[in-house]
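A.B. asks: From the sequence below, what's the structure:
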Amino acid sequence: MNPLFLLKNVFSRAFERKWVFVLLFLAFLCSTMCGIVFAKTPAFYDYNFRICANFVEQVCFSDKNVFLIFLERTAGSAFLLLLLLAAGIHPVGLAVPPIALIFRGYTFGGMLTLLFSVYGMTGALICFTICLPVHLLLDLVFLCASSLSCFRAFRFSFCGDDLKELLSDFLFFLALVALICLIEMLLLLTLFHPIGNLV
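C.D. replies: Alright, predicted model coming up:
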């Protein structure tokens, strides 16, 4: 199948009912803002700091081979993608996408705040070159996958073309996730890992 046709087909279905995508996006955006606002509160600071420190130390300035980081990051994103798409098998599963997106948005907001406040200029560099673009690209994939699940949940059947469409969507989004994580790997290799290995 033509990749451009597949791209157009998947995204046209994801945006077929724009209000669903907009609601999911607003939930993600509001949770991100809450993460920024409450990042330094005692109840959440330690948790946010651990996430931020793990990203800086285990991804950006790690001595680990960047290809292994690529595999780990791709596998983690693929697992979340699988959950979001599997949620479309039954209406009960539709609780999963908003919860996952709100949690992801909240931790993203907290991470952005601590990158600037704890790591200073180094954190700003990490934010604008790695964290922000890669995270937002993955979020777009997850939002589209969630939107498709919302359409699919009330009509899904394991018989016929529904299962085939679900598998096709998963493979398509998985390829996008792998591409985004590959870009992240190249950015890490170019910008951070030579520095990390020196220090």
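
A.B. asks: any idea how far residue 143 lies from residue 98?
C.D. replies: Distance from residue 143 to residue 98, counting by Cβ to Cβ, to the nearest Å: 11 Å. The way it works is simple: take the backbone N, C-alpha and C, and place the C-beta from them, glycine included.

A.B. asks: Name the residue in these two with the higher neighbour count.
C.D. replies: residue 143 (21 against 17; other Cβ atoms under 10 Å).

A.B. asks: Look at the more buried one and report its pLDDT.
C.D. replies: Reported pLDDT at residue 143 in the predicted model: 95.

A.B. asks: In which helix or strand does it reside?
C.D. replies: helix 132-152 (DSSP states H and E).

A.B. asks: Please identify the next secondary structure element, helix or strand, after that helix.
C.D. replies: Defined by DSSP H and E, the subsequent element after helix 132-152 is helix 161-187.

A.B. asks: Check the offset of that next one from the chain's centre.
C.D. replies: Helix 161-187 has its C-alpha centroid displaced from the chain centroid by 12 Å (Cα atoms, centre = their mean, to the nearest Å).

A.B. asks: the longest helix in this structure is where?
C.D. replies: helix 96-126 (DSSP state H).

A.B. asks: Would you mark the buried spots in it?
C.D. replies: The neighbour-count check on helix 96-126 (16 or more other Cβ atoms under 10 Å) flags 96-98, 100-102, 104-115, 119, 123, 125-126 as buried.
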